[in-house]
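K.L.:
can you look at this prediction? I've put the sequence above it.
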Amino acid sequence: MSAKDRVRLSVGGRQWSGFTQISVARGIERTAADFSFGTSLKAPAIVNPILIRPLTSCVVKIDTELVLTGFVDSTAPSFDAGSSSAGVNGRSRTGDLVDCSATAKPASWFGLTVAQIAASIAKPYSITVRDLVGSTTKIRKFRLEKNEKCIDAIQRLAALDALLVTDNEAGDLVLTRVGSEKSGTVLELGSTGPGGILSGSAVYAGNDLYSELRVKGQSSGSNGASGNKLRAVDVVGDPDVGRFRLLTMDAPGKADRARCREVARWEQARRLAKSIVATVSVRGWRQRSGDPQNRCIGIVVLESLYRDRGLVGYFPHPLLHGPCKAL
């Protein structure tokens, strides 16, 4: 890792560097990015060593570029007769939404977008919601469940509009879809520059795929005030499964036939995407543009390991990944 790409942890306005173990992870299906650093307390590269306390606010940067804003979760000092060391772990500010209960008042919303309702749920924890999709779909009714945690409510809400919930470098909650951003970097084995593949592996699974996915829904009739209900069903098929495998599920919220079809197609596409897991270790922290590889973006893999399985194309980039080397 070059001196330019040195990782720095700032806690309470003071800075740590010189880490010997580095891990920073962000995923398109993870609400809170996390980090784990380790270092020797005697290492000469440490700048202003300090006692780091859990729950303290912190910032992680690569050189001068922000990659994570959050809080320290835990510290782990250790020692023996000849040496001492310490570890520090933490998460994005959105970790509070994972841990804490929803307290928004009122606990019901009518005719608002997913972003508007999510912003209301996140507001008590001073977390901003960013909608990268710009969806204008109005949710007819949404209500918090008893003792529901913020993230459970927000993910249940996001499912109504086929949105994914993640975070960004500033610790904001982000509503997005796969492919809303794309990388200009092609990952290629043998390349010595950014995007050069060091190693790769893949897992192909079929246990969550179905030849027939049936979605049921219910909505109010034209005289909804009288309590009459209209029931709807839509089915999508996958001939590649090769044998009869049926999954029946309910559409979230009120749903007519068109909404059931939308949910069925989303579920089928989501399950197919998750049945193929490609893991690629790349050279360095940056894309060819110079930007850190820290966003949930699409990447292009040009390798026979994936080409032979028809996997060449855009993949969600789930991790901020770099070699764990002493700085």
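P.N.:
Right, received. Where do you want to start?
K.L.:
can you give me the pLDDT of the closest residue to Glu29 other than its chain neighbours?
P.N.:
Beyond its immediate neighbours in the sequence, the residue positioned closest to Glu29 (Cβ to Cβ, 6 or more residues apart in numbering) is Leu164, lying 6.3 Å away. Where C-beta positions appear, they are placed from N, C-alpha and C, glycine not excepted. Note for Leu164: predicted pLDDT of 89.
K.L.:
surely Leu164 meets Leu173?
P.N.:
No. With contacts counted by Cβ atoms under 8 Å, Leu164 stays clear of Leu173, the gap being 11.2 Å.
K.L.:
neighbour-wise, which of those two wins?
P.N.:
Neighbours were counted for Leu164 and for Leu173 using other Cβ atoms under 10 Å; Leu173 has more, 28 against 23.
K.L.:
which ones are touching that one?
P.N.:
Taking Cβ atoms under 8 Å, 6 or more residues apart in numbering as the definition of contact, the neighbours of Leu173 are 31, 94, 97, 118, 122, 127-130, 154, 165-167.
K.L.:
one more time with 10 Å, if that's ok
P.N.:
Leu173 is in contact with 31-32, 92-94, 97, 115, 118-119, 121-122, 125, 127-131, 150-151, 154, 165-167, counting by Cβ atoms under 10 Å, 6 or more residues apart in numbering.
K.L.:
on that earlier part again, overlap in contacts of Leu164 and Leu173?
P.N.:
Taking Cβ under 10 Å, 6+ apart as the criterion, Leu164 and Leu173 both touch Thr31.
K.L.:
average pLDDT for the strand or helix carrying Gly90?
P.N.:
Per DSSP states H and E, Gly90 falls inside strand 84-92. The average pLDDT for strand 84-92 rounds to 89.
K.L.:
what's the answer for stretch 124-139, then?
P.N.:
92.
K.L.:
for Ala264, phi and psi?
P.N.:
phi -60, psi -40 (degrees, to the nearest 10).
K.L.:
confidence score at it?
P.N.:
pLDDT, Ala264: 88.
K.L.:
that one: how many residues sit nearby?
P.N.:
By other Cβ under 10 Å, neighbour count at Ala264 equals 24.
K.L.:
same question, the one 5 residues further on
P.N.:
For Ala269, the number of neighbouring residues by other Cβ under 10 Å comes to 13.
K.L.:
ok, it to Asp208 distance?
P.N.:
Distance, Ala269 to Asp208, using Cβ to Cβ, to the nearest Å: 12 Å.
K.L.:
low-confidence ranges, the chain, go.
P.N.:
Filtered on pLDDT under 70, the chain yields the residue ranges 1-5, 40-50, 179-188, 193-195, 220-230, 284-327.
K.L.:
all the helices of it, in order from the start?
P.N.:
Chain-ordered helices for the chain, with DSSP state H as the definition, fall at 95-99, 114-122, 150-158, 257-274, 304-307.
K.L.:
CSV for these, including distance to Val72?
P.N.:
Compiled in CSV, the helices of the chain are given as follows (distance: least, Cβ to Cβ, whole Å):
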stretch, distance to Val72
helix 95-99, 10
helix 114-122, 21
helix 150-158, 20
helix 257-274, 32
helix 304-307, 38
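K.L.:
contacting residues for Val233?
P.N.:
Shown in contact with Val233 (Cβ under 10 Å, 6+ apart): Arg214, Val215, Lys216, Gly217, Thr248, Ala251, Arg257, Cys260, Arg261, Ala264.
K.L.:
tell me the one of those residues nearest Arg53?
P.N.:
Of all the contacts of Val233, Arg53 sits closest to Ala251, with 46.2 Å by Cβ to Cβ.
K.L.:
what's around that closest one, how many residues?
P.N.:
Taking other Cβ under 10 Å as the neighbour definition, Ala251 ends up with a count of 24.
K.L.:
now it, nearest residue through space, not along the chain?
P.N.:
The shortest distance from Ala251 to any residue that is not its chain neighbour, by Cβ to Cβ, 6+ apart, is 4.0 Å, and that residue is Gly217.
K.L.:
could you do Ser10 as well?
P.N.:
Leaving aside its sequence neighbours, Ser10 sits nearest to Val59 (Cβ to Cβ, 6+ apart; 4.5 Å).
K.L.:
ok now do that neighbour, which residues does it touch?
P.N.:
Residues in contact with Val59, defined by Cβ under 10 Å, 6+ apart, are 8-11, 13, 15, 66-70, 169-171.
K.L.:
now, of these, which are buried?
P.N.:
Burial of those was assessed by neighbour count (16 or more other Cβ atoms under 10 Å); the buried members are Arg8, Leu9, Val11, Val67, Leu68, Thr69, Gly70, Glu169, Gly171.
K.L.:
quick one on the thing from earlier: my guess is the residue nearest to Glu29 meets Arg177, correct?
P.N.:
Yes. The pair formed by Leu164 and Arg177 meets the contact definition of Cβ atoms under 10 Å, at 6.2 Å.
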